[in-house]
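A.B. asks: Below are the sequence and a predicted model; questions follow.
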Amino acid sequence: MTRSLLPALLVCLAGPLRAEDQGTVAVNSAPKPGDWAALAKLPDWSGVWTPFISDQNRRITTDPVPWQPQVAAQIRAMEAEENAGRPRGLFINCLPEAMPTWMLITHNALEFLFTPGRVTILGEMDGNRLRRIYTDGRPHPPDPDPTFHGHSIGHWEGNTLVVDTVAVLPQAFLAVSEAVGIPNNGDLHVIERIHLAEPDVLHDDLEIIAPHVLTRPWKTTRIYFRQRARKYDIVEGVCLQGFYAERQDEHGNAIFVPIPHADGNPVPLPPRESK
Amino acid sequence: MTRASLHLAGLLIAGTLAGALPALAHHSFAMFDFTKVITITGTVKEFQWTNPHVVLWVNVEGKDPKHPDVWWLEMTSPGNLTRTGWNRKALNAGDKVEVELNPLRDGKLGGALIKVTNSTTGQVFSTNLRDMEKPGLK
């Protein structure tokens, strides 16, 4: 083999060049009729999915989190406070539960939208949080900005959607309840296999890799039930709304007025400290 | 007192109450004692149909007839309550109610609402998310 052929061969082995590598601008191509038709071959995940909350709680015991020792000590302290009736509110500031905690502990419904090249998960918590999962074959960006829900790419293996998520903010909690959890502290990687276990029962099999807080990847499952009655339709859920009272101003305008808190801080303190 | 100042006074009262009790944003319910169930009877002061937790304020007659005790009762979100048959007009200021609740562990006047009977309308509403743990509900 001549030296001149080697680079070309390496390129072939590595697969097609990415748009970024070629110096061209990556675009989201307009879907063709075949792209829309292909959606019909995907499994039916329509409807509204309600979480199996009792199972979430059960799995804290059956799928114990492999916390690192120094983290386990902090977790035990939080559990003790919660068991004593003094829960520490991880989310009382109304920041998103984020990934993967949204999937782990939500008490609210969610729904899936399939469009060409993408699966979108919509919830009704945290002000209608959503996850965009790109299924168009793109890779993760080389250095994405960290966000609450990270950057997700997915592909279908039969009827299972395999989702890979990176670039989650290090401050995002890895939580097992609304009072027990720890910031992931960076380099979080979540792999999910989402599939129908029964016609109307959806499983999200999660593998959570959090090298700064876990000793090994944590594998667990979360279960959702399909509802079709319209009273289960997703509604808007703006977390911060609870901080405001509905009142009228001096002109009779309908307004929101902040409800003050014990220490005058707009971010309320956990119950133990707000007495 | 002007109309506006009346509204402000009401807000300050509500604010004082909120400040004395756990925060309204979504949180653990561990501050409630789920081993205890008590029942109170009173009049709806305000029904706050907001995320992430719906809140019911109830005036309950206490020692001072001019200043009733005000109980703070928390529920799940409007979305979840809608699915169990509630609506934002289920309770209105002035309605007579009987409320079954798990009280706050610290003895303050509040709790997690289990069931409310609206004696004014004759309607009964309860809240239990575990009732939704199966598919195909009607």
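C.D. replies: That came in fine, so what should we check first? Numbers count the residues shown, from 1 in each chain, chains lettered A, B, ... in the order given.
A.B. asks: what's the longest helix along chain A packed up against?
C.D. replies: The longest helix of chain A (DSSP state H) is helix A:69-83. In terms of contacts (3 or more CB pairs under 8 Å, 6 or more residues apart in numbering or on different chains; DSSP states H and E), helix A:69-83 is packed against strand A:181-183. Any C-beta I mention is one placed from the backbone N, CA and C, and that applies to glycine too.
A.B. asks: Quick check, A:Gly85 in contact with B:Met31.
C.D. replies: Yes. Using CB atoms under 8 Å, A:Gly85 is in contact with B:Met31, at 5.4 Å.
A.B. asks: what sits in contact with each of those two?
C.D. replies: With contacts defined as CB atoms under 8 Å, 6 or more residues apart in numbering or on different chains, the residues adjacent to both A:Gly85 and B:Met31 are B:Arg105, B:Asp106.
A.B. asks: So for the two, which residue has more residues nearby?
C.D. replies: Per other CB atoms under 10 Å in any protein chain shown, whichever of A:Gly85 and B:Met31 has more neighbours is B:Met31, with 28 against 16.
A.B. asks: ok, back up a step: contact partners of the longest helix of chain A?
C.D. replies: Around helix A:69-83, the neighbours that count as contacts under CB under 8 Å, 6+ apart are A:65, A:67, A:87-88, A:177, A:179-182, A:213-214, A:272, B:28, B:30.
A.B. asks: For A:Lys32, state which of those is nearest.
C.D. replies: For these, the minimum distance to A:Lys32 (CB to CB) is 43.0 Å, reached by A:Leu214.
A.B. asks: Next up, the contacts around the closest residue in space to the closest one that isn't next to it in sequence.
C.D. replies: Excluding its sequence neighbours, the residue lying closest to A:Leu214 (CB to CB, 6 or more residues apart in numbering or on different chains) is A:Pro66, at 5.1 Å. The contact partners of A:Pro66, taken as CB under 8 Å, 6+ apart, are A:Leu214, A:Thr215, A:Arg216, A:Trp218.
A.B. asks: Quick check, pLDDT for A:Pro66.
C.D. replies: Model confidence at A:Pro66, given as pLDDT, is 98.
A.B. asks: ditto for A:Ile191
C.D. replies: Listed pLDDT for A:Ile191 reads 98.
A.B. asks: Just the element for it, please.
C.D. replies: For A:Ile191, the host element (DSSP states H and E) is strand A:189-198.
A.B. asks: tell me the contacts of the closest residue to B:Gly42 other than its chain neighbours?
C.D. replies: Of all residues not flanking B:Gly42 in the chain, B:Val60 sits nearest, at 3.8 Å (CB to CB, 6+ apart). Counting by CB under 8 Å, 6+ apart, B:Val60 touches B:Ile40, B:Thr41, B:Gly42, B:Pro68, B:Asp69, B:Val70, B:Trp71, B:Leu109.
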